[in-house]
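> all I have is the shape, not the residue letters:
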Ligand SMILES: [Zn+2]
């Protein structure tokens, strides 16, 4: 288990390392839950032993509807489809906040179904396809061949391998590598690019009309998903979200946060990074995170603690520092 864990973490399976103390049955997800401002949220799942789906959003404007992030699993994709049919519209675009597989895996299927779709995203996926994802696929194939993947995780690992094999179809049609205001489906939005944050380049969206920041994995629960992150760059990006004027933040994983809650999360993350960069026991850093972010931990504290321990060690060991130099 220990040997193949990094490969699975790379694919967003961090949670499978810890057996949940309590078997948590997530509540059923209402598809395309309206959050105001012609915007609907499809909450991502993170079931025990499974890899996560990021949150997706459907927005529409005078010229059509579009999607922000396309999830990982077929079940999530089905909710996206229901969301579009629920509002009686078809997607004309997908905006990807970043290249992690829990946010882009639905791209190829949606492009095939709706050939007019244009994908907006940063070029960071190019480096990921030839580097991080290629290496992850290699480790995963080896782990599968060695029988080192728990049976419950095999479908997710195989699904991610199939997605990586279609990597070219995940790439953006419209590359957004610098922050800019633009109109998608006739709807004005500000696309902001954060360098060396959760990935080499993260896209987040400021919807000024709603005072809403849609930030992808710049905010995640139950822990910050640091697999490909530069912690200090990520903190800088959070300062930019704070300065944007947003009154509400939609995270990449977890519930919508009023700006005061975002401030609480931000402080907990900042304290966690400072602690892990220090010399005290890492256990204390995890405990600090669990206390500071208590309202987002949920019933499975064992999984959250195991993940915080893992990410604390990633920071402490300086293994993430390479992501600060890109
Ligand atoms: Zn994610």
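Cool, the structure landed. Owing to the predicted nature of the structure, the values given are computational and were not obtained by experimental measurement.

> around the ion, pick out the residues from this structure.
Contact residues (CB under 5 Å from the ion) of the chain with the ion: 54, 100, 102, 217, 252. To be clear about C-beta, it is placed using only N, CA and C from the backbone, and glycine gets the same treatment.

> residues contacting the third one?
Just to be clear, that refers to residue 102. Taking CB atoms under 8 Å, 6 or more residues apart in numbering as the criterion, residue 102 is in contact with 12, 44, 51-54, 71-72.

> now, those residues that are in strands?
Assignment to strands by DSSP state E places none of these there.

> can you list these in TSV and add pLDDT?
Converted to TSV, the contacts of residue 102 look like this (pLDDT from 0 to 100):
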residue	pLDDT
12	47
44	95
51	93
52	95
53	96
54	97
71	98
72	97
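
> which of those residues sits closest to the ion?
Lowest distance from the ion to the contacts of residue 102 (CB to the ion) belongs to residue 54, with 4.0 Å.

> how about the backbone phi and psi for the closest one?
Backbone torsions for residue 54, taken as degrees, to the nearest 10, come to phi -70, psi 160.

> what about it, how many residues close to it?
Residue 54 has 32 neighbouring residues, counting by other CB atoms under 10 Å.

> doesn't residue 68 make contact with it?
No: the criterion here is CB atoms under 8 Å, and residue 54 misses it with residue 68 at 9.4 Å.

> now for those two: what residues contact both?
Joint contacts of residue 54 and residue 68 (CB under 8 Å, 6+ apart) are residue 97.

> helices along this protein, start to end?
Taking DSSP state H to define them, one finds helices in the chain at 5-10, 74-86, 101-104, 107-113, 124-130, 132-145, 154-165, 231-243, 259-277, 282-292, 301-316.

> and those helices, which is most packed in?
helix 101-104 (a mean of 28; mean count of other CB atoms under 10 Å).

> got a pLDDT number for residue 7?
Model confidence at residue 7, given as pLDDT, is 39.

> what of residue 13?
With respect to pLDDT, residue 13 scores 44.

> ditto for the one 5 residues further on
On the pLDDT scale, residue 18 is placed at 39.

> ok, back up a step: can you redo the residues of the chain next to the ion as CSV with distance to residue 139?
As requested, these are arranged in CSV below (distance: CB to CB, whole Å):
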residue, distance to residue 139
54, 22
100, 16
102, 18
217, 21
252, 24
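
> which one of these sits closest to residue 198?
residue 217 (4.3 Å; CB to CB).

> thought the closest one was touching residue 225?
Yes: with contact defined as CB under 8 Å, residue 217 counts as touching residue 225 (5.7 Å).

> which one of those two has more residues nearby?
More crowded of residue 217 and residue 225, by other CB under 10 Å: residue 217, with 29 against 22.

> what residues sit buried inside the longest strand seen in the chain?
Taking DSSP E as the criterion, the chain has its longest strand at strand 187-195. Neighbour counts over strand 187-195 (16 or more other CB atoms under 10 Å) mark 187, 189, 191-195 as buried.

> now tabulate these in CSV and tack on distance to residue 176 and pLDDT.
Formatted as CSV, these follow (distance: CB to CB, whole Å; pLDDT from 0 to 100):
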residue, distance to residue 176, pLDDT
187, 15, 97
189, 11, 98
191, 5, 98
192, 9, 98
193, 7, 98
194, 12, 98
195, 13, 97
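
> circling back: mean pLDDT lowest where, among the helices of the chain?
helix 5-10 (a mean of 43).

> against residue 119, how distant is the residue nearest to residue 57 when sequence neighbours are not counted?
Of all residues not flanking residue 57 in the chain, residue 68 sits nearest, at 4.3 Å (CB to CB, 6 or more residues apart in numbering). Residue 68 sits 11 Å away from residue 119, going by CB to CB, to the nearest Å.

> touching both of these two, which residues are there?
94-96.

> does residue 211 really touch residue 250, like I thought?
No: contact between residue 211 and residue 250 fails when scored by CB under 8 Å: they sit 11.8 Å apart.

> which one's more surrounded, the two?
residue 250 (24 against 14).

> beta partners of the closest residue to that one other than its chain neighbours?
Sequence neighbours aside, residue 214 is the residue nearest to residue 250 in space, at 4.6 Å (criterion: CB to CB, 6+ apart). Beta bridges link residue 214 to residue 205, residue 250 when assigned by DSSP bridges.

> who touches residue 221 in this structure?
Residue 221 makes contacts with 251, 253-255, 265, 293, 296-298, as judged by CB under 8 Å, 6+ apart.
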